[in-house]
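Novice: Pasted the sequence and its predicted model underneath.
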Amino acid sequence: MIPSGFIQDLLARTDVVGVVGRHVELKKAGINYKGLCPFHGEKTPSFIVSPSRQTYHCFGCGAHGDALRFLTEHHGLSFIEAVKDLAQEAGMAVPEDDTTPQQRAQAAERREQQLGLIDVLERAAEHYRRQLKASPRAVAYLKGRGLTGEIAARFGLGYAPEGWRTLAGVFPRYDEPALAEAGLVIVQGADEGRSEADQKRYDRFRDRIMFPIRNVKGETIAFGGRVLDHGEPKYLNSPETPVFVKGRELYGLFEARTGLRAKGYALVTEGYMDVVALAQLGFPNAVATLGTACTADHVHKLLRFTEQVVFSFDGDAAGRRAAGRALEAALPHAGDTRSFRFLFLPAEHDPDSYIRAFGADAFEAQVRNAVPLSRQLLEHAAADCDLATAEGRARMLSQARPLWQALPEGALRVQLLGELALRGGLPAEELARLWQLAGHGHRGSAGAPTDASDPADQGNGPAGDGRGHGRRPDGRGDWRGKGRWRARGDTDDGLPRPAGRRLPPKRPEDRVVQMLFGQPAWWHDLPADEHDLLHQLPAPHGALIAWLERDLAEHGPRAWAVVREALAEDAQLDDEARALADGDADPGATPADLRRAMDTLLVRELGLRLQALAAESAHRRDALLEYRALEPRWREAKERLGTAPPE
């Protein structure tokens with residue numbers, strides 16, 4: 001808690017004209033200052049800043065407040081962040097009763113380091129802007145993409161020229177550690193223990209259009225670079241640094257602040273160029289994730305500015321997966337007053353090309369008709385489920401359960417329970433009872449704690465074998481029935497078994513999930529079609545795979561001990577999922593073990609799909625074509641397992 005007396009003292013030492021004037025062009029108007037309101041679009045100034053009252057007021061939209069409120073509403077800062085910013089400018093120390101002097105000193109040191117990196121990045125951004133003006137080729141590229149000089153200036157676009165060490169002409173010391181720490185310079189040989197004299201340094205960004213990534217305060221914290229011609233990678237991003245974490249930042253959010261309020265919603269796209277082009281075409285409310293899936297941090301940050309979010313994705317399989325991750329990130333925030341929608345354009349179009357082909361009004365109509373979160377949840381849960389069969393409906397409900405449970409209490413949650421029950425062929429009361437009994441101590445549909453003490457019930461979860469045998473949620477042993485737990489290292493008859501490798505789970509999907517959580521780097525060794533198959537597994541397996549891929553995209557491969565802590569902190573996961581994702585369950589596993597488990601899973605899943613296609617081929621011609629395309633994959637998996645089918 002920050003004492004109210006400190007807040008009053010801070011505001012007394014702060015000049016609201018100076019705070020607002022850094023972001024709004026103000027002109028003296030009698031005893032006050034006047035300018036164009038930053039909270040809504042206007043051509044005639046109606047925004048007044050009063051130095052005597054230390055407040056601002058807009059006679060057009062009614063925005064009103066002091067310096068702290070300006071920072072929280074205009075920049076989207078939290079109250080604590082705004083207080084710390086103003087306190088730093090005023091040379092005041094924010095009281096922090098729960099921190100030691102050592103912790104405060106460390107925090108001050110980190111902030112000093114961050115300011116140094118931001119200064120380096122700002123100087124680099126200015127250099128890239130100058131280089132853009134001096135490069136006819138880069139200017140011609142942007143004009144060819146339909147961008148104007150005005151929009152390029154608004155987003156601070158630049159150009160990193162060809163050459164390995166062009167930044168050496170910008171900074172006095174090219175070997176300054178901050179250049180590498182900010183992600184501007186790559187140091188080759190540092191990891192090998194070479195001396196500084198033997199290390200090679202070169203610019204990370206060369207011959208690329210540069211998109212500065214700014215935080216909500218307008219500070220440059222990273223860059224994205226796009227090749228002008230053909231080359232790989234098409235987009236190159238800054239690495240994560242002390243001032244830049246991909247999973248927390250959104251490209252274009254700083255520039256979109258006014259547009260978000262004017263349009264009333266945020267449009268989340270997939271690329272830098274989408275954001276810049278949309279801003280020019282009348283949609284200044286667009287932002288983009290930075291080469292990673294949409295995260296809960298992204299959603300939380302957007303909700304500081306607007307209560308309505310529209311996610312725009314490609315209609316292909318990758319786009320549907322990305323929409324699934326965005327759905328998972330949005331669910332905990334989907335209260336009765338907030339709106340999340342999902343826009344899927346035709347496969348041949350992105351937002352930029354769609355507007356150029358059909359006009360801004362047609363695109364706005366697409367946004368209005370975007371899929372609401374409730375329908376997206378239903379469709380996501382029903383993916384690959386045959387709702388005409390009891391098995392398909394049961395699978396749909398299994399996949400829907402963790403999604404529904406992530407919703408906050410309210411009318412939306414109650415209504416969706418009824419819709420899911422209807423699609424699942426069950427009375428709503430029966431579904432509520434079923435999910436409550438399966439909750440293992442989590443809140444059930446009625447919001448009451450459920451009984452987790454029934455061992456037989458726990459044994460029927462994904463980590464069990466369906467006979468009352470199952471894994472303890474805390475991972476310390478297994479339930480063997482008759483009122484006793486079996487500790488790891490014991491046999492079924494209660495006698496200790498020889499030390500060594502633990503017995504692996506029987507089901508291949510269990511093994512695959514646990515091996516991938518134990519060795520996340522193995523995920524990249526699996527082909528894309530196997531990624532798709534794993535994503536399509538029913539909950540909790542498919543949900544855990546989505547969690548793992550998101551974690552890999554944001555942090556790279558991490559040790560199981562670190563991943564386990566992250567799983568424990570994720571409120572969307574229940575104990576069943578955490579127990580299943582036990583990356584320490586099979587420590588001796590090898591890539592060959594993963595390959596065999598995947599092939600076992602492929603044979604089973606593809607075999608089921610082939611049976612269904614064979615049944616459908618009598619009345620659906622394309623089912624036969626799909627069968628012929630799928631059968632070789634099934635045969636290859638069977639051959640790798642050493643059980644090749646007869647010709």
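Specialist: Received, thanks.
Novice: buried sites along stretch 108-115?
Specialist: Q114 (16 or more other C-beta atoms under 10 Å). C-beta coordinates here come from the backbone N, C-alpha and C atoms, glycine included.
Novice: and the residue nearest to P239 when sequence neighbours are not counted, how far is that from R130?
Specialist: Spatially, and ignoring its direct neighbours in sequence, P239 is nearest to G183 (4.7 Å; C-beta to C-beta, 6 or more residues apart in numbering). Relative to R130, G183 is positioned 20 Å away (C-beta to C-beta, to the nearest Å).
Novice: which one of those two has more residues nearby?
Specialist: G183 (23 against 13; other C-beta atoms under 10 Å).
Novice: tell me the pLDDT at the more buried one?
Specialist: Looking at G183, its pLDDT is 94.
Novice: ok, it - contacts?
Specialist: Taking C-beta atoms under 8 Å, 6 or more residues apart in numbering, we find G183 in contact with 204, 222-223, 238-239, 241, 244.
Novice: If we use 10 Å, what do you get?
Specialist: Going by C-beta atoms under 10 Å, 6 or more residues apart in numbering, G183 touches 117, 120-121, 124, 204-205, 221-223, 237-241, 243-244.
Novice: Only the buried residues of stretch 341-360, if you could.
Specialist: Result for stretch 341-360 [16+ other C-beta under 10 Å]: buried residues 341-345, 349-352, 354-355.
Novice: Oh, that last question was meant for stretch 11-18, not what I typed.
Specialist: Across stretch 11-18, burial judged by 16+ other C-beta under 10 Å covers 11, 14, 16-17.
Novice: From these, pick the one nearest F39.
Specialist: Among those, V16 lies closest to F39 (C-beta to C-beta), at 15.1 Å.
Novice: Could you pick out the longest helix of the protein?
Specialist: Ranked by residue count under DSSP state H, the longest helix found in the chain is helix 101-133.
Novice: Of all the residues in that one, which ones are buried?
Specialist: Neighbour-count burial for helix 101-133 flags 114, 116-118, 120-121, 123-125, 127-129, 131-132 (criterion: 16+ other C-beta under 10 Å).
Novice: Helices of the stretch 351-500 of the chain, start to end?
Specialist: Secondary structure of the stretch 351-500 of the chain, counting by DSSP state H, counting those that start in this stretch: helices at 351-358, 360-368, 373-381, 390-406, 411-424, 428-437, 455-459.
Novice: Off-centre distance for the second one?
Specialist: It stands for helix 360-368. When C-alpha coordinates are averaged (C-alpha atoms, centre = their mean, to the nearest Å), helix 360-368 and its chain have centres 25 Å apart.
Novice: and that helix, what does it pack onto?
Specialist: Packing contacts for helix 360-368, counted by 3 or more C-beta pairs under 10 Å, 6 or more residues apart in numbering; DSSP states H and E, involve strand 308-313, strand 339-344, helix 351-358.
Novice: If we use 7 Å, what do you get?
Specialist: Helix 360-368 is packed against helix 351-358, with contacts defined by 3 or more C-beta pairs under 7 Å, 6 or more residues apart in numbering; DSSP states H and E.
Novice: For the stretch 151-300 of the chain, give me the ranges with low pLDDT.
Specialist: Regions of the stretch 151-300 of the chain meeting the criterion pLDDT under 70 cover residues 190-198.
Novice: And the helices in it?
Specialist: Applying DSSP H, counting those that start in this stretch to the stretch 151-300 of the chain gives helices spanning 177-181, 253-263, 272-280, 296-302.
Novice: Tell me which of those helices sits most buried.
Specialist: Comparing those by mean neighbour count (mean count of other C-beta atoms under 10 Å), helix 272-280 comes out on top with a mean of 23.
Novice: and the gap between R69 and S46?
Specialist: Applying C-beta to C-beta, the value for R69 to S46 is 18 Å.
Novice: And for L68?
Specialist: The spacing between L68 and S46, counted by C-beta to C-beta, is 22 Å.
Novice: likewise V216?
Specialist: Taking C-beta to C-beta, one finds V216 at 25 Å from S46.
Novice: Can you classify F517 as helix, strand or coil?
Specialist: The assignment at F517 comes out as helix when based on DSSP: H, G, I helix; E, B strand; the rest coil.
Novice: Enumerate every residue touching it.
Specialist: The contact partners of F517, by C-beta atoms under 7 Å, 6 or more residues apart in numbering, come to 548, 560, 563, 581, 583.
Novice: Which pair of those spans the longest distance?
Specialist: For the contacts of F517, and using C-beta to C-beta, no pair is farther apart than L548 and W560, which are 11.5 Å apart.
Novice: Is there a neighbour count for the spatially closest residue to F254 that is not a sequence neighbour? I'd like the number.
Specialist: Distance criterion C-beta to C-beta, 6+ apart; nearest residue to F254, sequence neighbours excluded, is R214 at 4.3 Å. R214 has 22 neighbours, counted by other C-beta under 10 Å.
Novice: go on, D622?
Specialist: Neighbour number of D622 under other C-beta under 10 Å is 10.
Novice: Among the buried residues of stretch 11-18, which lie within helices?
Specialist: Counting by DSSP H, the part of these found in helices is 11, 16-17.
Novice: Now do the same contact list for the closest residue to G252 other than its chain neighbours.
Specialist: Using C-beta to C-beta, 6+ apart and skipping the chain neighbours, the partner closest in space to G252 is V275 (3.9 Å). By C-beta under 7 Å, 6+ apart, V275 lies in contact with 251-252, 269, 286-288.
Novice: what's downstream of the longest helix of the chain, the next helix or strand?
Specialist: Downstream of helix 101-133, the next assigned helix or strand under DSSP states H and E is helix 136-144.
Novice: Off-centre distance for that next one?
Specialist: Distance of helix 136-144 from its chain centroid, counting by C-alpha atoms, centre = their mean, is 32 Å.
Novice: what's the pLDDT at the closest residue to G282 other than its chain neighbours?
Specialist: Leaving aside its chain neighbours, G282 sits nearest to A360 (4.7 Å; criterion: C-beta to C-beta, 6+ apart). pLDDT, A360: 92.
Novice: coming back round to it: could the buried residues of stretch 341-360 be laid out in JSON lines, adding distance to S374 and pLDDT?
Specialist: Below are those laid out as JSON lines (distance: C-beta to C-beta, whole Å; pLDDT from 0 to 100):
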{"residue": "R341", "distance to S374": "10", "pLDDT": "96"}
{"residue": "F342", "distance to S374": "11", "pLDDT": "95"}
{"residue": "L343", "distance to S374": "15", "pLDDT": "94"}
{"residue": "F344", "distance to S374": "16", "pLDDT": "90"}
{"residue": "L345", "distance to S374": "21", "pLDDT": "89"}
{"residue": "H349", "distance to S374": "26", "pLDDT": "87"}
{"residue": "D350", "distance to S374": "26", "pLDDT": "85"}
{"residue": "P351", "distance to S374": "23", "pLDDT": "88"}
{"residue": "D352", "distance to S374": "29", "pLDDT": "87"}
{"residue": "Y354", "distance to S374": "25", "pLDDT": "90"}
{"residue": "I355", "distance to S374": "27", "pLDDT": "91"}
